[in-house]
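J.: the sequence and its predicted three-dimensional model are supplied below.
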Amino acid sequence: MKNIKKRFLGTIKGILDDSKAVIQEDLPVKIIKRCPLKNIYHCCTHKSGSQWIKAILKDEIVFAYSGLEVYTYAKSLPDKTDKRKITDRYFDTPFPEDKIISPLYITYDSYIKIPKRGSYKAIYILRDPRDLVVSYYFSTMYSHAPLPGIDAKREKLINMELNDGLTFCMQNFIDRGHFEAQRSWIHACDDTVMLVRYEDLVGPHSEDFFKKIFDHCKIELTEYDLQKLLDKYSFEKLSKGRKQGEENQRQHYRKGIAGDWKNYFSDDVKDVFKQKTGDLLIALKYERDMNW
């Protein structure tokens, strides 16, 4: 009888625990403090951690300290993607208020010309263009979600040698305006914009740089909640146990480090990159001269 009673009480406890979880999930997140801004614009290029940053900005911890929801305009487009070249992406109507617009693959000129209401801020995530190419190569080959054009590019890459594949991805970034967009943002000259290097966000002092981002965006997270937030979205958690630098080429969170291009760029690929991009790395301050 005692065993039956114990099993019965255990079953009831499990049901109550499950119901509590459901109730808690259904409850709205309590807003601790509202951000005074009407909009925050998260601007970047593809393969600069855009979905990672978006997930962080969308987290309930950030919402609790801002009251701002993430808004992704591309979800309302056919095929859920903006097919325009990055340098051709302009917007003639304001985005909804009280939103974090994430991600925005645009030039600085396009950002300036967005019709805006009230106060706002923007961050632009800059990443070494060589790492963009390598990241795009592996994601297109293996892990990128099916989108218009991805399957055709994947089929081409599968039949290419590594050097040719990297050159193909490099040319795609040039044709789509990614490098031109990066170059445009180094001329940002207003206090609404904060330029952030991806390398700093994955480096040993990432917490300091995320704090600067939230300070810039007037989102006042406590130190405890900032640490909790970043731990939730650490590479080890997202990759299900791998340390930064431990590579899985078939996973979206492939390696989690900066400077990985050095492992894949042959001398021939370096020469092609220099020929096609000119002084881009110098302008972005990733190199001092062309002798890299």
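T.: Arrived safely, thanks for sending.
J.: helix or strand right after the host helix or strand of Q51?
T.: Q51 is part of helix 50-58 when elements are defined by DSSP states H and E. Next in sequence after helix 50-58, counting helices and strands by DSSP H and E, comes helix 60-64.
J.: and that next one, what does it pack against?
T.: Under the contact definition 3 or more Cβ pairs under 8 Å, 6 or more residues apart in numbering; DSSP states H and E, helix 60-64 sits against helix 223-232. Every C-beta, even on glycine, is put in place using the N, C-alpha and C of the backbone.
J.: report the buried residues of the helix holding Q51.
T.: Buried residues in helix 50-58, counted by 16 or more other Cβ atoms under 10 Å: S50, W52, I53, K54, A55, I56, L57, K58.
J.: can you tell me the closest non-neighbouring residue to the second one?
T.: Nearest residue to W52 in three dimensions, chain neighbours excluded: Y233, at 6.6 Å (Cβ to Cβ, 6 or more residues apart in numbering).
J.: hmm, I56 and the one you found touching each other?
T.: Yes - taking contact to mean Cβ atoms under 8 Å, the distance of 5.2 Å between Y233 and I56 places them in contact.
J.: thinking again about what came up before, make CSV out of the buried residues of helix 50-58 and add pLDDT.
T.: As requested, these are arranged in CSV below (pLDDT from 0 to 100):
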residue, pLDDT
S50, 94
W52, 94
I53, 96
K54, 97
A55, 95
I56, 97
L57, 98
K58, 97
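J.: shaky segments in the stretch 1-150 of the chain?
T.: Segments of the stretch 1-150 of the chain classed as low confidence (criterion: pLDDT under 70) are 1-28, 143-149.
J.: can you map out the strands along it?
T.: Counting by DSSP state E, counting those that start in this stretch, the stretch 1-150 of the chain has strands at residues 39-43, 69-71, 99-104, 120-126.
J.: can you redo those as a markdown table with distance to K285 and mean neighbour count?
T.: Output for the strands of the stretch 1-150 of the chain, formatted as a markdown table (distance: least, Cβ to Cβ, whole Å; neighbours: other Cβ atoms under 10 Å):
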| stretch | distance to K285 | mean neighbour count |
| --- | --- | --- |
| strand 39-43 | 18 | 24 |
| strand 69-71 | 30 | 16 |
| strand 99-104 | 23 | 22 |
| strand 120-126 | 9 | 22 |
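J.: how about JSON lines for these, with distance to W185 added?
T.: Formatted as JSON lines, the strands of the stretch 1-150 of the chain follow (distance: least, Cβ to Cβ, whole Å):
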{"stretch": "strand 39-43", "distance to W185": "7"}
{"stretch": "strand 69-71", "distance to W185": "21"}
{"stretch": "strand 99-104", "distance to W185": "11"}
{"stretch": "strand 120-126", "distance to W185": "5"}
